[in-house]
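Sharing a model that was predicted from the sequence below.
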Amino acid sequence: MTHDMNAPHPADLAQFSTIAWSALVPQIVADKRKAQVATLSTVGQGGAPAARSVVLRASDRSRASVDIFTDAATPKCAEITNDPRAALTLWREDLQLQLRLSGTIEIVEGLEAQAAWSALPDLALPNYGVTPPPGSDIPTATSYARQPDQARFAILRMTLFDMDVVSLAAPVHTRAYYERRDGWRGVWRAP
Ligand SMILES: Cc1cc2nc3c(=O)[nH]c(=O)nc-3n(C[C@H](O)[C@H](O)[C@H](O)COP(=O)(O)O)c2cc1C
């Protein structure tokens, strides 16, 4: 669904949710300048928050899940294995919409991830298979190699518990909270 950013957001919770899900549909992923970047927060070592930019790769409203691609050797995967709780935050300037999602992440690898790997543009493949593993200390800025390695490709599939949506579109600010346990019915909140 498309939405005219100059039009006020609807006063109906179901329509507002549809706009929120339309904001989670990834844009053109082959052109990284146009990809939808979000901030993924996990529970870091020792329980402190850990956050980084990621690209939104897919979303599924019926399952209420979103997919992110990563290198399985990145520290975030160890964090997620240790504690799967996560938050994903994004601002869609064009829609004047902030989305704050929380849920748990399942790391999908192997056969299940194969179709997504096959659909990646060649240029993206070396992002999965850096040696030494991402986050390792190296003696100079370029002391690393990039060799595509399908075994290192992982999908982070986040299944949502809830979604907090804030619209700054004129003429009034609106905010709604949706959660899985009430069937995503939603409730308006003071922004
Ligand atoms: C614009 C942008 C998009 C990024 N997209 C991804 C991504 O989709 N997946 C990913 O694993 N890392 C992505 N990164 C790199 C991460 O932000 C991070 O540096 C890297 O994954 C290591 O994170 P970790 O040490 O927390 O595991 C992106 C970085 C930027 C600046």
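Perfect, I can see it now. Residues are numbered from 1 along each chain as shown.

Okay, Phe161 and Ala190: tell me how far apart.
21 Å (C-beta to C-beta, to the nearest Å). C-beta here means a position set from N, CA and C on the backbone, and glycine is covered the same way.

OK, contacts around the residue nearest the centre of the chain?
For the chain, Leu56 is the residue whose C-alpha lies nearest the centre (C-alpha atoms, centre = their mean; 4.4 Å). Contact analysis of Leu56 by C-beta atoms under 8 Å, 6 or more residues apart in numbering lists Leu24, Pro26, Ala35, Gln36, Val37, Ala38, Val66, Asp67, Ile68, Leu90.

Could you give the bridge partners of the nearest residue to the first one once chain neighbours are set aside?
Put plainly, it is Leu24. Nearest residue to Leu24, sequence neighbours excluded (C-beta to C-beta, 6 or more residues apart in numbering): Ser59, at 4.1 Å. Beta-bridge partners of Ser59, counted by DSSP bridges, are Val66.

on that earlier part again, out of Phe161 and Ala190, which sits in the more crowded spot?
Set side by side, Phe161 and Ala190 show more neighbours around Phe161, with 16 against 6, by other C-beta atoms under 10 Å.

Okay, and the more buried one sits in which element?
Assigned by DSSP states H and E, Phe161 belongs to strand 153-167.

Could you do Asp137 as well?
Per DSSP H and E, there is no helix or strand for Asp137.

and it, how many neighbours?
When neighbours are defined as other C-beta under 10 Å, Asp137 has 6 of them.

just the one 10 residues further on next, same as before
Look at Gln147: counted by other C-beta under 10 Å, it has 11 neighbours.

thought it was touching Thr131?
Yes. Proximity of Gln147 to Thr131 meets the contact threshold set by C-beta atoms under 8 Å, at 6.7 Å.

what ranges do the strands span in this structure?
37-43, 49-60, 65-71, 85-92, 97-108, 130-131, 145-146, 153-167, 174-179, 187-189 (DSSP state E).

mind checking how far Arg152 is from Ala119?
Distance from Arg152 to Ala119, by C-beta to C-beta: 17 Å.
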